[in-house]
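Peer 1: this is a predicted model, with the sequence first.
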Amino acid sequence: MKPSAATLDTLWFQALSLGAIVLAASAALASAYRATAPAIAEAAQRATAASLAEVLPAGFADNDLLHDTVEILTVDGRSLTAHRARKGALVQGVVFPMRGKGYGGAIELVMGVDRDGRITGVRVIRHTETPGLGDKIEANRNPWILGFAGKSLADPAHWAVKKDGGEFDQFAGATITPRAVVAAVHEGLELFAAHRGALLDETAPGNEQAGITNEP
Amino acid sequence: MSATSETGGNETATNIPTETAAKPSPRYGTLMRDGLWDNNVVFAQMLALCPTLAVTSTATNGLGMGIATTAVLVLSNIIIAAIRDWVSPNVRIPIFIVLIASLVTLVDMSLNAWLHDLYEVLGLFIALIVVNCAILGRAEAFASQNPVKAAAVDGLAMGLGFTFALVILGGVRELLGSGTLFAGASLLLGDAFRFLELTVIPGYDGFLMMILPPGGFLAIGFLLAARRRIEFARERHRRETPAKLNLGEA
């Protein structure tokens, strides 16, 4: 059963055993990937739905936000999926993801904006900021992110952290992180202003195309 | 001939400070003692310092990393002990690495799929386990030379010792850095464990450096010194007690 020391020392046995192990490991990984992929996709979708609901006030919409979407183009040419929140036929607001450049990498957030251009809520979905410092942008660690609700492009006039002369707090030891979030949210508001017509489904029929703006 | 090549292999294998791996089946009590204190991964072997210093900004983070590492360590020890007779010493390192990396990926995917809430908290740490040299260290020093059951116990003991070290280190840093203990434990363990979350020093501004990487080095330095002191005291105690016993018998 057990191979002898002489066999263990031969080149063919070593190559064969290494190959067999790698083959078995990759087979295990491949089948595990197949087994978990649907569940992972479902979990991700559940998380998306939960985050969509989180940035909108309760009772804000009565439609299925997950499947009522519109594509818009950002300034740098990325396409972005916005979810429409409707009450009846009227679009009450939109929820869309934004990305900021934080201290430790990209900060992915989702923000909701109502039809008047006021923020209904902002949440950070994913980030790699310093634990204990930059992670205060998470809603369950610090209420800081809740302060965006109700703000719009005109209010405050200066979108910046206090250190830069604005009105948003920075954290002790972490300025880059909140600065990145403020900049990303501001960019999101500008994006909403630029694409308001398409986002609110108020462009003329047939014009409901990505990137076509309809200034109010 | 074969004997010399064997010792040669063993010499390259034991560049890690470790107990001389007991050839006769080791006792489980000894294994537990080794893992938790005498041969603790962090405090005695000084392995896995990279993930240790990186994640221990809070006690909760330390606990999460410790639990995930323990799971991988037990599994990898079991598998490696099971195939130890078929692994040629010359290719053992790539084989162990492939097994450990696959195992970590499997744990990562299963958590993501079936325990998504836990994954949101732990996900960050799981990929880091691949680079934890303590796991390869145990595969080398213990699992590859011992039966499956002993290897499983060794993995558990080493994992618990690692968890213990991480929680202590994280606790010290969290206490000094932000004045709390186990902040966010309910995110990791569920709402039932909310009682663990303590604000030890209310309104504490925080000694920020303790949460930053330099604080990790400082804290581990003092903890290692403390352990040396305890060991030193125990050693002196051991040297004095037998003399007393002899007196009593005489």
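Peer 2: Right, received. Where do you want to start? Residues are numbered from 1 along each chain as shown, chains lettered A, B, ... in the order given.
Peer 1: touching chain B at all, stretch A:103-116?
Peer 2: No: using Cβ under 8 Å from any Cβ of the partner chain, stretch A:103-116 stays clear of chain B, coming no nearer than 10.8 Å. Every residue, glycine included, has its C-beta placed from N, CA and C.
Peer 1: what strand or helix carries residue B:30?
Peer 2: Per DSSP states H and E: residue B:30 is located in helix B:28-33.
Peer 1: mind listing what's buried in that helix?
Peer 2: B:30, B:31, B:32 (16 or more other Cβ atoms under 10 Å in any protein chain shown).
Peer 1: I'd like the residues you listed written out as a markdown table, with distance to chain A and pLDDT added.
Peer 2: Putting the buried residues of helix B:28-33 into a markdown table (distance: Cβ to the nearest Cβ, whole Å; pLDDT from 0 to 100) gives the following:
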| residue | distance to chain A | pLDDT |
| --- | --- | --- |
| B:30 | 27 | 88 |
| B:31 | 24 | 89 |
| B:32 | 29 | 88 |
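Peer 1: doesn't residue A:71 belong to a helix?
Peer 2: No: using DSSP: H, G, I helix; E, B strand; the rest coil, the assignment for residue A:71 is strand, not a helix.
Peer 1: ok, it touching residue A:81?
Peer 2: Yes: in this structure, residue A:71 is within contact of residue A:81 by Cβ atoms under 8 Å, at 5.9 Å.
Peer 1: can you pull the contacts of residue B:66?
Peer 2: Residue B:66 makes contact with B:159, B:160, B:162, B:163, B:164, B:165, B:166, B:167 under the criterion Cβ atoms under 8 Å, 6 or more residues apart in numbering or on different chains.
Peer 1: host element of it?
Peer 2: Going by DSSP H and E, residue B:66 is in helix B:59-82.
Peer 1: can you name the element that comes right after that helix?
Peer 2: Past helix B:59-82, the next helix or strand by DSSP H and E is helix B:92-114.
Peer 1: mind exporting that next one as PDB, just the C-alpha atoms?
Peer 2: Taking C-alpha atoms only, helix B:92-114 is exported to PDB below (Å, rounded to 0.1, in the frame of the first residue of the first chain):
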ATOM      1  CA  ARG B  92       6.200  18.100  -0.400                       C
ATOM      2  CA  ILE B  93       6.200  21.900  -0.400                       C
ATOM      3  CA  PRO B  94       4.400  22.500  -3.700                       C
ATOM      4  CA  ILE B  95       1.900  19.800  -2.700                       C
ATOM      5  CA  PHE B  96       1.200  21.400   0.700                       C
ATOM      6  CA  ILE B  97       0.800  24.800  -0.800                       C
ATOM      7  CA  VAL B  98      -1.600  23.600  -3.500                       C
ATOM      8  CA  LEU B  99      -3.700  21.800  -0.800                       C
ATOM      9  CA  ILE B 100      -3.700  24.800   1.600                       C
ATOM     10  CA  ALA B 101      -4.500  27.300  -1.100                       C
ATOM     11  CA  SER B 102      -7.300  25.100  -2.500                       C
ATOM     12  CA  LEU B 103      -8.700  24.600   1.000                       C
ATOM     13  CA  VAL B 104      -8.800  28.300   1.700                       C
ATOM     14  CA  THR B 105     -10.500  29.000  -1.600                       C
ATOM     15  CA  LEU B 106     -13.100  26.300  -0.800                       C
ATOM     16  CA  VAL B 107     -13.800  27.800   2.600                       C
ATOM     17  CA  ASP B 108     -14.000  31.300   1.000                       C
ATOM     18  CA  MET B 109     -16.500  30.200  -1.700                       C
ATOM     19  CA  SER B 110     -18.700  28.100   0.700                       C
ATOM     20  CA  LEU B 111     -18.900  31.000   3.200                       C
ATOM     21  CA  ASN B 112     -19.800  33.400   0.500                       C
ATOM     22  CA  ALA B 113     -22.500  31.100  -0.800                       C
ATOM     23  CA  TRP B 114     -24.100  29.800   2.400                       C
END
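Peer 1: what is the strand ranked longest in chain A packed up against?
Peer 2: Longest strand in chain A by number of residues, with DSSP state E as the criterion: strand A:90-101. Counting contacts by 3 or more Cβ pairs under 8 Å, 6 or more residues apart in numbering or on different chains; DSSP states H and E, strand A:90-101 packs against strand A:79-87, strand A:106-114, helix A:176-194.
Peer 1: ok, residue B:165 - how many residues close by?
Peer 2: By other Cβ atoms under 10 Å in any protein chain shown, 24 other residues sit near residue B:165.
Peer 1: which of the three states applies to it?
Peer 2: Following three-state DSSP, residue B:165 is assigned to helix.
Peer 1: now do the nearest residue to it once chain neighbours are set aside, the pLDDT please.
Peer 2: Closest residue to residue B:165 apart from its sequence neighbours, by Cβ to Cβ, 6 or more residues apart in numbering or on different chains: residue B:42 at 3.7 Å. Model confidence at residue B:42, given as pLDDT, is 89.
Peer 1: where is the longest helix in chain B?
Peer 2: Taking DSSP state H as the criterion, chain B has its longest helix at helix B:213-249.
Peer 1: from the middle of its chain, how far away would that one be?
Peer 2: From the chain centre to the centre of helix B:213-249 is a distance of 20 Å (Cα atoms, centre = their mean, to the nearest Å).
Peer 1: in chain B, which residue is closest to the centre?
Peer 2: For chain B, the residue nearest the mean C-alpha position is residue B:162 (2.4 Å; Cα atoms, centre = their mean).
Peer 1: give me phi/psi at that one?
Peer 2: Backbone torsions of residue B:162, given as degrees, to the nearest 10, read phi -60, psi -50.
Peer 1: helix, strand or coil for the nearest residue to it once chain neighbours are set aside?
Peer 2: On the basis of Cβ to Cβ, 6+ apart, the spatially nearest residue to residue B:162 that is not a chain neighbour turns out to be residue B:41, at 4.5 Å. The three-state label for residue B:41, taken from three-state DSSP, comes out as coil.
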